[in-house]
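Visitor: model the following, please.
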Amino acid sequence: MSCRYFGIGGQAYYTWYRRYQAEGVEGLRTRSKAPKTSPNAAHVEVVGKIIHLRQNYHFGPEKIVMYLKRYHDVTISKLGVWRIPNRLGMGRLPASRRCKRHDRRWKRYEKQLPGHRVQIDVKFIEPLTSMPQGRRGGRNEYG
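Guide: Numbers count the residues shown, from 1 in each chain. Below you'll find the model as predicted:
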């Protein structure tokens with residue numbers, strides 16, 4: 001009757017009724033629907049290690065997962081590692097502190113003038129004037 005009048009379901013009415021009986025008016029206040037505990041959350045020590053690796057070594061999620069597994073025997077997913085720095089505002093490193101990929105670290109060696117700097121690495125060159133003659137008809141091993 002009154003549920004229909006106020007436009008609420010019977011289940012909601014009885015939930016509120018039980019809360020009112022148990023806690024009084026305070027029981028009718030809006031509550032958070034978030035769980036009180038999260039049993040699968042990363043431990044505080046693991047979160048500290050992830051933050052340390054992110055700040056000091058600029059590791060990404062994959063490298064942090066590998067490091068924690070290898071050196072601390074901690075198994076955590078890549079997505080789980082990614083969420084922790086993101087939640088704390090450390091999602092992306094500043095451009096000056098980001099690690100560059102190995103193929104992009106070095107620039108091509110170029111100078112303004114052709115031949116400005118030339119480097120030749122030679123191990124052995126036989127003098128051209130004293131080429132030894134082979135046994136077969138004056139031919140040598142070079143031609």
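Visitor: centre-most residue in the chain?
Guide: Residue closest to the average C-alpha location in the chain (C-alpha atoms, centre = their mean): residue 60, at 2.2 Å.
Visitor: would you map out the domains in this structure?
Guide: Annotated domains of the chain cover 1-30, 44-97 [automatic domain parsing].
Visitor: tell me which of those sits nearest to residue 114.
Guide: Among those, the nearest to residue 114 by C-beta to C-beta is domain 44-97 (33.6 Å). For every residue, glycine as well, the C-beta is placed using N, CA and C.
Visitor: re earlier: switch the domains of the chain over to TSV; also include distance to residue 37 and mean pLDDT.
Guide: Compiled in TSV, the domains of the chain are given as follows (distance: least, C-beta to C-beta, whole Å; pLDDT from 0 to 100):
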stretch	distance to residue 37	mean pLDDT
domain 1-30	20	89
domain 44-97	14	91
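Visitor: right, so the ones you listed: which one is the most enclosed?
Guide: domain 44-97 (a mean of 14; mean count of other C-beta atoms under 10 Å).
Visitor: how far off centre is it?
Guide: Distance of domain 44-97 from the chain centroid (C-alpha atoms, centre = their mean, to the nearest Å) equals 7 Å.
Visitor: tell me where this protein has helices.
Guide: In the chain, the segments counted as helices under DSSP state H are 2-6, 10-23, 44-57, 61-72, 78-87, 102-105.
Visitor: state the distance from residue 6 to residue 16.
Guide: Distance of residue 6 to residue 16, given as C-beta to C-beta, to the nearest Å: 11 Å.
Visitor: ok so, going back, for the residue nearest to the centre of the chain, grab phi and psi.
Guide: The phi and psi values for residue 60, taken as degrees, to the nearest 10, are phi -90, psi 180.
Visitor: relative to residue 12, how far out is it?
Guide: Note on residue 60: its distance to residue 12, by C-beta to C-beta, is 46 Å.
Visitor: same thing with residue 82?
Guide: Using C-beta to C-beta, we find residue 82 at a distance of 38 Å from residue 12.
Visitor: residue 36: neighbour count?
Guide: Residue 36 has 5 neighbours, counted by other C-beta atoms under 10 Å.
Visitor: pLDDT at it, what is it?
Guide: In this model, residue 36 is scored at 88, pLDDT.
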